[in-house]
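> Quick one, fold the following:
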Amino acid sequence: MSLMLLIDGYNLIAPVAAPARGPAAWLHRERKLLLDRLAKHLPHRVRNRCCVVFDAAAPPLNASNRYELDGIEVRFAVDYAEADDLLEELIATHTSPKQLAVISSDHRVQAAARQRGATVFESQLWLDDLLCGRVSLATLPKNQLAAREQEPEAVKPNTPVDKEELDDWLREFGFDDS
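Here you go, the predicted model:
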């Protein structure tokens, strides 16, 4: 199944403090807090199509550079100069980039996503919406969006939706668990 949500992990942590500040234990706690929040607030169907990328010269102690937590793929960019390189590669190789939402405040990552037609969200705004119960994902393709705009309760591009509405949309487009 294709990736639906790609997250620049430290962009969601950085507003608290830069990753270079403080002891490694602090950074581990912040990553864990972020992943716990995503697991709590993202619907199961989205978690299973979500990847969070972190910068790292090496994975954290007792961790692989790639693992799954509550359905969320977690990757440390150990074989890359920085996480942006891995994020750009994942965007470039995505088979349906117009169905991909990229969460990053990094202009380089945003440009790579937009060039492929992916939807981009600023990290802090996206996280604020998520914590308020609204999950923002990629927009619908224009031909599908035009048809939906004729319906009374159409979802407009980049409009956050609540979990129940998101589940309905995922079912509508064949992304249900069956």
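> List the contacts of Asn65.
Contacts for Asn65 (CB atoms under 8 Å, 6 or more residues apart in numbering) come out as 56, 58-59, 75-76, 78-79. Any C-beta I mention is one placed from the backbone N, CA and C, and that applies to glycine too.
> who wins for neighbours among those residues?
Among these, the one with the most neighbours (other CB atoms under 10 Å) is Phe76, at 24 neighbours.
> How much space separates the closest residue to that one other than its chain neighbours from Glu82?
With sequence-adjacent residues excluded and distances taken as CB to CB, 6 or more residues apart in numbering, Phe76 is closest to Ala56, at 3.8 Å. Here the criterion is CB to CB, to the nearest Å. By it, Ala56 lies 10 Å from Glu82.
> Please apply the same query to Ser123.
16 Å.
> Could you identify the most distant pair in the contacts of Asn65?
Distance extremes for the contacts of Asn65: the farthest pair is Ala58 and Arg75 at 13.2 Å, using CB to CB.
> Give me the three-state assignment for the residue nearest to Phe76.
Using DSSP: H, G, I helix; E, B strand; the rest coil, the structure places Ala56 in coil.
> Confirm for me that it is in contact with Asp79.
No - look at Ala56 against Asp79 with CB atoms under 8 Å: they stay out of range, at 10.0 Å.
> Isn't Thr95 up against Ser2?
Yes - using CB under 8 Å, Thr95 is in contact with Ser2, at 5.7 Å.
> Mind checking which of the two has more residues around it?
Counted by other CB under 10 Å, Thr95 and Ser2 do not tie: Ser2 has more neighbours, with 11 against 8.
> Surely that one is within a strand?
No - per three-state DSSP, Ser2 lies outside any strand segment and is coil.
> Report the helix or strand with the lowest average pLDDT across this protein.
When each helix and strand of the chain is scored by mean pLDDT, DSSP states H and E, helix 142-149 comes last, with a mean of 45.
> beta partners for Leu5?
Cys50, Ala101 (DSSP bridges).
> From the structure, what's the count of residues near the closest residue to His44 other than its chain neighbours?
Excluding its sequence neighbours, the residue lying closest to His44 (CB to CB, 6+ apart) is Gly71, at 6.5 Å. Counted with other CB under 10 Å, residues neighbouring Gly71 total 15.
> Tell me the pLDDT of Gly71.
We note a pLDDT of 95 for Gly71 in this prediction.
> going forward can the numbers begin at 498, since that is how I track them
Sounds good: first residue 498 from here, last item Gly568.
> Just name whatever secondary elements the longest helix anywhere in the chain is in contact with.
Assignment by DSSP state H gives helix 521-538 as the longest helix of the chain. Secondary-structure packing of helix 521-538 (3 or more CB pairs under 8 Å, 6 or more residues apart in numbering; DSSP states H and E): helix 506-510, strand 547-551, strand 569-573, helix 620-628.
> Much appreciated, bye for now.
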